[in-house]
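A.B. asks: Predicted structure and sequence below. I'll ask about it afterward.
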Amino acid sequence: MPERLSRQILWVSDLIDEDSKEWKRELVNLRFLPQDTDAILGIPLSVIGARNRVVWAETKNGRNEARHSGKQRSGLAVSRSSLRLLEQFQIANEHPATTAVQNQLVKWTLPPSGCYKVNVDGAVFSKRKLAAMGVVIRDEEGQLIATLCRKLYTPLGPLETEAKTMEVGIMFAREVGIRDVLFEGDSLVLNNAIHGLNKIDPSVQNVVKGILQSVQGFRTFAFSHTKRQGNAPAHALAQHVVNVEDFLVWLEECPGCIVRACMQDVRSIYNHE
């Protein structure tokens with residue numbers, strides 16, 4: 001067995017690739033049971049990283065109370081605490097009830113003058129345990145500047161995938177070299193979390209922190225939300241990821257899978273004018 005797989009694992013960071021800031025999938029699969037492997041790989045990692053620390057659930061300071069203060073809870077108390085955590089988890093993962101609303105036509109809009117718009121969208125392929133990302137960058141006239149689609153071999157959930165896609169979109173925009181950017185996606189929950197309008201879900205807390213830190217390198221930046229109809233090219237690109245091996249980048253070239261969606265966006269803008 002290779003040394004890198006046989007050495008003892010003491011910290012979470014031992015399971016994370018230092019350069020890519022991604023899980024060492026081979027090591028995780030080797031050391032953990034299948035159900036635990038999916039749970040670990042389903043945790044999104046931020047490019048900013050985080051320090052190792054020991055945390056005990058259901059304590060105010062995250063410390064082991066039995067060890068540090070001599071207080072030890074009874075088995076019944078522990079059982080009740082576990083059931084309460086399970087109930088909170090189930091409530092948090094329930095789909096909210098939908099209400100009938102009047103259909104409104106949502107269109108993609110141009111970014112402000114002198115600014116670029118980066119549209120992002122993520123897709124989850126649960127059966128394949130894949131997360132897919134689509135990023136589309138256009139200028140103030142709607143001209144395509146760059147696109148990216150990327151595949152992640154991790155069983156992320158919808159919110160985690162959207163958060164990671166936004167982070168990847170920010171990094172891609174920085175690599176392309178644009179400085180004034182409007183980032184847009186169709187996840188209202190993520191958009192509200194970025195703007196501090198609601199409590200950040202613990203599963204994406206570190207990624208949102210990374211997003212807010214990463215955008216500081218731009219001259220100007222902003223975040224906006226649109227519905228799926230206003231994010232069609234990025235959505236189509238994310239769906240296309242299943243057809244690529246890992247990731248693809250197009251510079252000043254429109255991928256065939258989003259030509260129609262891009263033309264419809266531009267047509268709707270100028271027909272409206």
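C.D. replies: Yes, it's here.

A.B. asks: What about residue 220, how many residues nearby?
C.D. replies: Each residue near residue 220 was counted by other Cβ atoms under 10 Å, and the total is 12. Where C-beta positions appear, they are placed from N, C-alpha and C, glycine not excepted.

A.B. asks: Now it. Nearest residue, chain neighbours left out?
C.D. replies: Leaving aside its chain neighbours, residue 220 sits nearest to residue 180 (4.6 Å; criterion: Cβ to Cβ, 6 or more residues apart in numbering).

A.B. asks: mind listing what that neighbour touches?
C.D. replies: 114, 115, 116, 218, 219, 220, 221 (Cβ atoms under 8 Å, 6 or more residues apart in numbering).

A.B. asks: Buried only: go through the residues you listed for me.
C.D. replies: Listed as buried from the contacts of residue 180 are 115, 116, 218, 221; burial here means 16 or more other Cβ atoms under 10 Å.

A.B. asks: From residue 43, how far out is residue 265?
C.D. replies: 34 Å (Cβ to Cβ, to the nearest Å).

A.B. asks: And those two? Which one has more around it.
C.D. replies: Between residue 265 and residue 43, counted using other Cβ under 10 Å, the more crowded position is residue 265 (23 against 18).

A.B. asks: Do a quick rundown of the helices in the stretch 101-250 of the chain.
C.D. replies: Secondary structure of the stretch 101-250 of the chain (DSSP state H, counting those that start in this stretch): helices at 158-176, 188-194, 205-214, 232-240.

A.B. asks: by how many degrees do the third one and helix 158-176 diverge?
C.D. replies: Helix 205-214 runs at 20 degrees relative to helix 158-176, counting by axes from the mean of the first three to the mean of the last three Cα atoms, to 10 degrees.

A.B. asks: Check which helices and strands helix 205-214 sits against.
C.D. replies: When contacts are defined as 3 or more Cβ pairs under 8 Å, 6 or more residues apart in numbering; DSSP states H and E, helix 205-214 packs onto helix 158-176, helix 188-194.

A.B. asks: And the closest residue to residue 251 other than its chain neighbours, how far from residue 235?
C.D. replies: Closest residue to residue 251 apart from its sequence neighbours, by Cβ to Cβ, 6+ apart: residue 146 at 5.1 Å. Residue 146 is 17 Å from residue 235, where distance means Cβ to Cβ.

A.B. asks: and residue 125, what are its bridge partners?
C.D. replies: With DSSP bridges as the criterion, residue 125 is bridged to residue 130.

A.B. asks: and it, what does it touch?
C.D. replies: Contacts of residue 125 by Cβ under 8 Å, 6+ apart are 131, 132, 242.

A.B. asks: Could you check how far it is from residue 246?
C.D. replies: Relative to residue 246, and taking Cβ to Cβ, residue 125 is found at 15 Å.

A.B. asks: Test my guess that residue 119 contacts residue 236.
C.D. replies: No. Using Cβ atoms under 8 Å, residue 119 is not in contact with residue 236, being 10.9 Å away.

A.B. asks: between these two, which one's more packed in?
C.D. replies: Set side by side, residue 119 and residue 236 show more neighbours around residue 119, with 27 against 21, by other Cβ under 10 Å.
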